[in-house]
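Engineer: sequence and predicted model, in that order:
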Amino acid sequence: MHFPKGNALLTHKTMRHDTLSPSIRGTNQDDEPSRSSTSLPASLSYLGALGAALRAVRRLCSGSRDQDLNTVLEQACRAVVQEGGFASATVILLDHGTSRSAGAFGAGVECADDCCASFPFPLSAAAAGALVLRARLPDGFEGAALGFIAEIAREIHGLIDNMERESERRALEADLVDSEKFTSAVLTASLDSIVTINARGEIISFNQAAETTFGCSAQDVIGRQFSDILIPPALRERHRAGMANYLATGTSTMLNRRVELVACRADGTLFPVEIAVVPVKIEGSTIFTAFIRDISALKQAQTVLQNRAARYRHLIEKSPEAIIVCCEGLLGLLNPAACRMLGTDQPDRLLGRSVYDFVDPDFRHHLRSALEAKVPPAVPKFVEQIWMRSDGTRFNAELGATHITFNDKRAIQLVVRDITERKRAEAVQVGQNRILNMMATGAPLPEILSEIAHFIEERSGHGMCAILQLSEDGGSLSCLAAPSLPEAYVDALGDIAVGPGQGSCGTAAHRMAPVMVTSIASDPLWQSYREQALLHGLMACTSWPIFGRNRKLLGSIALYFREEMAPAPADLQLFSVCANLAGVAMERRASEEKIRFLAHYDGLTSLPNRFLFKEYLDLALRNAKRHGNKFALFFLDLDSFKEINDELGHDAGDHVLREIARRMRGVLRHTDKIARMGGDEFYVLIEELSDGRYASDVARKLLQEAARPVRFGAANCAVSASIGISIYPDDGQDAPTLLKNADAAMYRAKESGKNGFRFYSDDMAAVVAANEPVALRGPGRPGPGTALPR
Ligand SMILES: Nc1nc2c(ncn2[C@@H]2O[C@H](COP(=O)(O)OP(=O)(O)OP(=O)(O)O)[C@@H](O)[C@H]2O)c(=O)[nH]1
């Protein structure tokens, strides 16, 4: 299609939009369109053709409802060209400032003297654009033809306008249908019940979910009062009042938000719902759409969860073990046992604090590695640590950690046990075993008691311990171990009398019960010892009696402090254990001493027996050999002792033996030894012998004591003694020789008339030889053939 040069007619700038006045340009003219052509008359046939074109276009307009716009415009252009005899017809449409050819016919037809005219559509109309015609005739756009052509253009414009309106209407209709379908689908598919009511409270829509939820069909409820069907009877009046208030005032607390309520099913059962009501004003009237969700299952799940949470909380609350939940190292939950363990009854004061605040710094890294472990142990592993209470005091803790979810977060649940008591008991057990081991291995009593005292001091922290033993007569206490007390104080105190008002120890022994004195300065029990104690800075003293079997009092334990205070209650049991240990040690030592006494001493006279005398003799020999000393060995046998037994009885004989033994012991030096061999025979060992005369003096004194009558009842028992003496080294270099020679000398004294003594001399060797194998004495009847123990 050929357009005039510059296409000036096709731009809206050159179109005259206010009217359908065309722009016309002749091929042979300049660019200015011809304005004078309206005066030329058009031929009747041409006008008839234009009329036919106009009618054809009108026909198209009426039958174009269902056709595509471009097709119809194409047909219109064809009709205009074919009926009107134009070379070409084109409809140009402006669309958002750009032009497009919406329909054309006859394009590409060229003729030598054609002219072209553009008939614009009004800009104010829905469709803007123009009908562009090319006429074969030079006067094709003149006179009456112009009116026809303008009419054709108007018809085409009307056609475009109608078709576009129709198209828009159809699109809107389609949208509406789609929207209704969508709404219907939403309502149907919605899991929530959607119920719409009008301002009178009547149900006007009721979706499928509502039918299921409330147990009634839409058909049954539409038109009925919402409150009569879906609201529980107890709430109906409130609902009506609320609606009335909203309609009157426009305010409501129920609308446009989600609230939980109770709804009523068709069968009358009530159930929990979550409801949101949205009011909508339509044509001056208000309708209300309620979105209702049955939350029975949710509530049940919540109840189950709440019950579970409550059970968990109950278990935690009642657990005797301390349970602590930590989130990111902070305390998130503590049960009462944990609060007690950490020394508070106000968990709120601990919540949010770092768990590390309660752990001894030396153990924090242990806890950190447990809390930050990526893979928790399958079974919680309990570890021991030192923890701290709120007041900073430390305690032994055993704890196990497990990973849990707490408040939707990863958390650690700690089970913490205060094992201070267990550790204390273990320490007591270890100490007790150490002390029992000392007893079993025969450690000396003072060492054992000293160990017990150290143990008590160690456990008590800063006390000083003393262990005292009761005297045989039960009248006083003497200190056996006091490793930490000032020596001067122990010496100054000496033996403590047992009785009321005798300090803590004397009073405890007297009362046979513990005595706690927290102020030595003011307690009347310490009146007699106060000055000494205060002089050494001792301010308090608690004492426990020590008992043996059958609650026999053996002594007492004292624990002194340099402050006015009492032992910690936790230590009292330990001290009572220690008092028992001291009792066992003391009693055992007493038993051992008794056994030792029975083994080494004569039961009648309490003098050493022949076994012990043998040890004395061996020791004397070693000393004498080492130092070049002399010593004398006496063998003493009572004369005519048998007669006492025979005449006055065995008891009288025993009495005489005891008395003479006591007297002889009394006249000897404490370094001298005297032993009873048995019967009426005794040995005496005189060491540090300067010369023989001293031995004679001792022999005379012994004879004198033996000869002094012994009173037994009304009788005076009179005996005498005969003594034989051998001297080391003159009369023998070893024990058997010395004993043999003393024995021989004693025989010589008997032979010489008794009540006298004889030193061994070589002439006695014959007697000894005659009595060989060896004239050694043993228990019982004197005579040769009985040897001392080796
Ligand atoms: N009462 C008593 N008598 C004892 C005890 N042990 C031994 N005897 C007796 O002591 C006497 C000692 O006997 P002898 O030494 O032979 O008799 P004796 O009369 O002293 O004779 P001489 O030594 O020769 O003077 C015996 O009669 C024993 O039975 C004892 O423990 N108690």
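Structural biologist: Everything's here; your move.
Engineer: could you use CA atoms for every contact and neighbour count after this?
Structural biologist: Noted.
Engineer: residues of the chain that sit close to the ligand?
Structural biologist: Applying C-alpha under 6 Å from any ligand atom, one finds that the chain approaches the ligand through 638-643, 645, 650, 653-654, 678-680, 780-781.
Engineer: can you tell me the residue of the stretch 101-250 of the chain closest to the ligand?
Structural biologist: Closest contact between the stretch 101-250 of the chain and the ligand, by C-alpha to the nearest ligand atom, is at residue 234 (115.4 Å).
Engineer: phi, psi of that residue?
Structural biologist: phi -70, psi -20 (degrees, to the nearest 10).
Engineer: kindly report the same for residue 351.
Structural biologist: According to degrees, to the nearest 10, residue 351 has phi -60, psi 140.
Engineer: pretty sure it sits against residue 338.
Structural biologist: No: with contact defined as C-alpha atoms under 8 Å, residue 351 does not reach residue 338; the gap is 11.6 Å.
Engineer: those two: which is more packed in?
Structural biologist: Using other C-alpha atoms under 10 Å as the criterion, residue 351 and residue 338 rank with residue 338 on top: 26 against 16.
Engineer: how much space separates the closest residue to that one other than its chain neighbours from residue 343?
Structural biologist: Take residue 338 and drop its neighbours on the chain: the residue closest to it by C-alpha to C-alpha, 6 or more residues apart in numbering is residue 322, 4.0 Å away. From residue 322 across to residue 343, the span is 12 Å (C-alpha to C-alpha, to the nearest Å).
Engineer: ok, now residue 289?
Structural biologist: Distance from residue 289 to residue 343, by C-alpha to C-alpha: 59 Å.
Engineer: so the closest residue to the ligand within the stretch 351-500 of the chain, which state does it fall into?
Structural biologist: Using C-alpha to the nearest ligand atom, the closest approach of the stretch 351-500 of the chain to the ligand is made by residue 472 at 26.8 Å. Three-state call for residue 472 (DSSP: H, G, I helix; E, B strand; the rest coil): coil.
Engineer: residue 352 now?
Structural biologist: Per three-state DSSP, residue 352 ends up coil.
Engineer: ok, it - how many residues close by?
Structural biologist: When counting by other C-alpha under 10 Å, one arrives at 15 neighbours for residue 352.
Engineer: ok, residue 627 next?
Structural biologist: 9.
Engineer: residue 413 is in contact with residue 324, correct?
Structural biologist: Yes: with contact defined as C-alpha under 8 Å, residue 324 reaches residue 413; the gap is 5.7 Å.
Engineer: and the helix or strand hosting residue 76, which residues are buried?
Structural biologist: Residue 76 belongs to helix 69-84 when assigned by DSSP states H and E. Judged by neighbour count (16 or more other C-alpha atoms under 10 Å), helix 69-84 contains these buried residues: 69, 72-84.
Engineer: let's have those in CSV, adding pLDDT.
Structural biologist: What follows is these, written out as CSV (pLDDT from 0 to 100):
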residue, pLDDT
69, 80
72, 83
73, 85
74, 87
75, 87
76, 86
77, 88
78, 89
79, 87
80, 87
81, 88
82, 86
83, 86
84, 84
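Engineer: now flag whichever of those is closest to the ligand.
Structural biologist: Distances from the ligand to the buried residues of helix 69-84, taken by C-alpha to the nearest ligand atom, are shortest for residue 69, at 157.9 Å.
Engineer: for the closest one, list the residues it contacts.
Structural biologist: Taking C-alpha atoms under 8 Å, 6 or more residues apart in numbering, we find residue 69 in contact with 102, 160, 163-164.
Engineer: higher neighbour count, residue 289 and residue 343?
Structural biologist: The neighbour comparison of residue 289 against residue 343 (other C-alpha under 10 Å) goes to residue 289, with 21 against 15.
Engineer: hang on, the more buried one packs against residue 193?
Structural biologist: No: at 10.1 Å, residue 289 does not count as touching residue 193 under the criterion of C-alpha under 8 Å.
Engineer: and what about residue 633, helix, strand or coil?
Structural biologist: strand.
Engineer: flag the shaky bits of the stretch 101-250 of the chain, pLDDT-wise.
Structural biologist: 107-114, 122-127, 173, 176-190 (pLDDT under 70).
Engineer: 50 - rerun?
Structural biologist: Where the stretch 101-250 of the chain drops to pLDDT under 50, the residues are 108-110.
Engineer: work out which residue lies at the spatial centre of the chain.
Structural biologist: Centrality entry for the chain: nearest residue to the mean C-alpha point is residue 414, 2.8 Å, by C-alpha atoms, centre = their mean.
Engineer: can you list contacts of the helix or strand residue 542 falls within?
Structural biologist: Assigned by DSSP H and E, residue 542 belongs to strand 540-547. For strand 540-547, contacts defined as C-alpha under 8 Å, 6+ apart pick out 504-505, 508-509, 512-520, 553-567, 575-576, 579-580, 582-583.
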